[in-house]
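Q: Could you work out the structure for the sequence below:
(2 chains)
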Amino acid sequence: MTEKIVRTRFAPSPTGPLHIGGVRSALFSWLLARHHGGKFVLRIEDTDQKRFVEGSIDLITDALSWLGIDYDEGPGKDGGYGPYIQSERLPLYQKWAQWLLDNDKAYRCFCTSERLEQVNKEKEARKEPPGYDRFCRNLSKDEIEKNLAEGKPHVIRLKAPLEGQTIGHDLIRGEVIFDNHTIQDAVLLKSDGYPTYHLAHVIDDHFMEISHVTRANEWLPSLPLHLLLWEAFGWEKPLYAHLPVLLNPNGKGKLSKRHSGFSEDGKKVLVLAKEFKDAGYLPEAVVNFLCNIGWNFGDEREIFDIQEAIERFDIGAVNPANSAFPIEKLDWINGIYMREKLSANELAKRLRPILEEAGLEVNVDRLLKITPLVQTRLKVLTDVVAMAGFFFHETFTPPTVEMLIPKKLDKDGTRKLLEASHKHYLAIAEPEFLTPALMNIGTTLVSDLGLNNSQVFGVLRVAVTGQSISTPTFETMEILGKSESLKRIQIAIDLLK
RNA sequence: GGCCCCAUCGUCUAGCGGUCAGGACAUCACCCUUUCAAGGUGAAUACACGAGUUCGAAUCUCGUUGGGGUCACCA
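A: Numbers count the residues shown, from 1 in each chain, chains lettered A, B, ... in the order given. The predicted model follows:
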């Protein structure tokens, strides 16, 4: 077992955009494979025709690639174990379902969904747990032949043992014991000829030689069923690891797609991988953030790059407890990446497409100048538009009068301040129109006028940028240049007349 | 309801029989300061409860409570 190559897989259903919980599962699976120098496989589980959503596969692969979670085998990337889309493997499932039938491990069930509903209703009335009553389990050969001859639709069900126990081993929580009588005669092959997840994953994981099955915790209750299946086939079982579930930020209920776009305490709850991208988070920050949920790097470090995570990752050390989604930590981590892990040039590269998407024409030289100014101020990339978008506007949008007048100063006082500023700045020679000199004049104005820094610098900021939150005043003026800065100060003066 | 899983600051976590129960985010205060940030310093806050086992339990056992998951011809 130890010398066996580690092969893990991420097996999403193409039912829509990739969810952040799915990303987490994929990430841990990927980390496990990379840690052992093994292979990571992407398999598409599209056995439910009704839930298939066109374009989902691209959405899934796009999200994984944005995050840097690369797969060695998968759709369009054959590694000798394909096809990697379950709907293309139907004959295989049917063949092995037949094998189970032939070996008395499964049986045909002709019950209609109406009857199944009826059975459950009756059970509920008797306060019994719901479940199939095994009506078809002991059908005689003649009855089966008769039903078949009549062309009655049917499914194939597992013949689960009625007594005894099934013991599972989970890498994260150890031994898990189930009484066999609680295990259902689950449907393995549906009447449309498609397998259910139960059958499909066992067959695929066997033939794809998956060594570790990592999946979300909601699968733990069906683990015994899967174990029974492995035993029925007589195949060597993979190791299982059930990852803890991501709960909503308030800890109530699992984080689900239903909550996409919903807000909680006035904060939007992001749940789709794409939403994180659109919101301006860096992929490396998202990955780092996700690593810290349920797993601990050690050394009391929370910031680390993906290579370091691969080196240390240990699936057995994953915390078995579910966790509330600590979304507020993402802002912090994202900030660290933007100001400490990225150089100004790299940050500028990421900022450019965002400004362009906002409809701004980006002058690269100017962008390079303002990037250092916004670097410590951005929470997410998209903040740059509001904070520094004015640098790229064709026309200047002047502030309102209210924005211009600071606390403890009236209209006249503000205008006088601006007039004095205009006079001083006009006197500076063009080549000296640089931050230190501008700052100097600023402080001179403060003492001359008997005001404080905040008032003087604040008024200038608003006058020059047209907004009250912006890049620092004097650096901004330097970038804007002498004539543009003076022009804007004059506009403000006129506004106050 | 049955079954299964889980339980350390508000949150993410470290801890695996002897620790002043550590770190981080968030919060608050102070410093720095041209708005906003960033940075610095400091504060406050946790072993769900009850029985055992033990010289000694956050750590082991059982129970209670609480939370979560799951009981489909969905995955």
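
Q: Now do the strands in the stretch 51-200 of chain A.
A: Remark: strands assigned in the stretch 51-200 of chain A by DSSP state E, counting those that start in this stretch are A:106-109, A:155-158, A:165-170, A:174-179, A:187-189.

Q: Could you do the stretch 201-350 of chain A as well?
A: A:212-216, A:239-243, A:246-247, A:263-264, A:267-268, A:323-324.

Q: Nearest to A:Gly413, out of the strands of the stretch 51-200 of chain A?
A: strand A:165-170 (71.4 Å; Cβ to Cβ). Backbone N, C-alpha and C define where each C-beta goes, glycine included.

Q: which residues touch the closest one?
A: Contact with strand A:165-170 is made by A:175-180, A:183, A:220, A:223-224, A:227-228, A:239-242, as judged by Cβ atoms under 8 Å, 6 or more residues apart in numbering.

Q: Among those residues, which ones lie close to RNA strand B?
A: Counting by Cβ under 7 Å from any atom of the strand, A:176-179, A:220 from these sit close to RNA strand B.

Q: distance of A:Gly298 from A:Glu54?
A: Using Cβ to Cβ, to the nearest Å, one obtains 44 Å as the distance from A:Gly298 to A:Glu54.

Q: neighbour-wise, which of those two wins?
A: Counted by other Cβ atoms under 10 Å, A:Gly298 and A:Glu54 do not tie: A:Gly298 has more neighbours, with 10 against 7.

Q: ok, the more buried one - contacts?
A: A:Arg312.

Q: give me that answer again for 10 Å
A: A:304, A:312, A:314, A:317 (Cβ atoms under 10 Å, 6 or more residues apart in numbering).

Q: Most neighbours among those residues, which one is it?
A: A:Arg312 (18 neighbours).

Q: doesn't A:Asp305 make contact with that residue?
A: No - the pair A:Arg312 / A:Asp305 is not scored as a contact, 11.4 Å apart, by Cβ atoms under 10 Å.

Q: circling back to that earlier point, in TSV: the strands of the stretch 51-200 of chain A, plus mean neighbour count and mean pLDDT.
A: Converted to TSV, the strands of the stretch 51-200 of chain A look like this (neighbours: other Cβ atoms under 10 Å; pLDDT from 0 to 100):
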stretch	mean neighbour count	mean pLDDT
strand A:106-109	22	97
strand A:155-158	22	98
strand A:165-170	15	96
strand A:174-179	12	95
strand A:187-189	24	98
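
Q: In CSV: the contacts of A:Gly298, plus pLDDT and distance to RNA strand B.
A: CSV is the format used below for the contacts of A:Gly298 (pLDDT from 0 to 100; distance: Cβ to the nearest atom of the strand, whole Å):
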residue, pLDDT, distance to RNA strand B
A:Phe304, 97, 12
A:Arg312, 97, 12
A:Asp314, 97, 10
A:Ala317, 97, 6
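
Q: Those residues of the stretch 351-497 of chain A touching RNA strand B, which are they?
A: Counting by Cβ under 7 Å from any atom of the strand, the residues of the stretch 351-497 of chain A that sit close to RNA strand B are A:376-377, A:439, A:453-454, A:457-458, A:461, A:468-475.

Q: Weed out the non-buried ones from those residues.
A: Applying 16 or more other Cβ atoms under 10 Å to those, the neighbour count classes A:377, A:439, A:457-458, A:461, A:470-471, A:473-475 as buried.

Q: who in the stretch 1-150 of chain A is up against RNA strand B?
A: A:11-13, A:45, A:47-48, A:50-51, A:111-113, A:116, A:120, A:127, A:129-132.

Q: switch the cut-off to 10 Å
A: Residues of the stretch 1-150 of chain A lying close to RNA strand B by Cβ under 10 Å from any atom of the strand are A:11-15, A:22, A:43-52, A:86, A:109-117, A:119-120, A:123-124, A:127-132.

Q: List buried residues within those.
A: For these, a burial check counting by 16+ other Cβ under 10 Å picks out A:11-14, A:22, A:43-48, A:52, A:86, A:109-111, A:116, A:119-120, A:132.

Q: domains for chain A, by residue range?
A: Following automatic domain parsing, chain A resolves into domains at A:89-243, A:257-342, A:343-391, A:396-495.

Q: Name the nearest residue to A:Thr47, sequence neighbours excluded.
A: A:Tyr194 (4.7 Å; Cβ to Cβ, 6 or more residues apart in numbering).

Q: Look at A:Ile405 and report its pLDDT.
A: Confidence at A:Ile405, expressed as pLDDT, is 88.

Q: wait, I meant A:Gly458
A: For A:Gly458, the model assigns a pLDDT of 91.

Q: How about it, nearest residue that isn't a chain neighbour?
A: A:Pro406 (5.1 Å).

Q: Could you list which residues are in contact with the one you found?
A: A:413-414, A:417, A:451-452, A:454-459, A:461-462, A:468.

Q: Looking at those residues, which are in helices?
A: Using DSSP state H, the subset of these located in helices is A:413-414, A:417, A:454-459, A:461-462.

Q: State the pair within those residues that is farthest apart.
A: The most distant members of the ones in helices among the contacts of A:Pro406, if one measures by Cβ to Cβ, are A:Gly413 and A:Arg461, lying 16.5 Å apart.

Q: which SSE is the residue lying closest to A:Val53 once chain neighbours are set aside in?
A: Excluding the flanking residues, the one nearest A:Val53 by Cβ to Cβ, 6+ apart is A:Gly16, at 4.9 Å. According to DSSP states H and E, A:Gly16 maps onto no helix or strand at all.

Q: Show residues contacting stretch A:79-89.
A: A:7, A:9, A:11, A:13-14, A:39, A:41-49, A:52, A:57, A:71-78, A:92-93, A:194-195, A:197, A:200-201, A:203-204, A:207-210.

Q: Tell me which of those fall in helices.
A: Short answer: those in helices (DSSP H) are A:57, A:92-93, A:197, A:200-201, A:203-204, A:207.

Q: Got a quick PyMOL command for the buried subset of these?
A: Written as a PyMOL command, the selection of buried residues from these, which uses 16+ other Cβ under 10 Å, is:
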select buried, chain A and resi 57+92+93+197+200+201+203+204
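
Q: Now tabulate the domains of chain A in TSV and tack on distance to A:Leu32.
A: Formatted as TSV, the domains of chain A follow (distance: least, Cβ to Cβ, whole Å):
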stretch	distance to A:Leu32
domain A:89-243	6
domain A:257-342	5
domain A:343-391	29
domain A:396-495	44
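
Q: contacting residues for the nearest residue to A:Ala273 once chain neighbours are set aside?
A: In space, and not counting its chain neighbours, A:Ala273 is closest to A:Ala63: 3.7 Å by Cβ to Cβ, 6+ apart. A:Ala63 makes contact with A:12, A:17-20, A:22-23, A:26, A:69, A:272-274, A:276-277, A:283, according to Cβ under 10 Å, 6+ apart.
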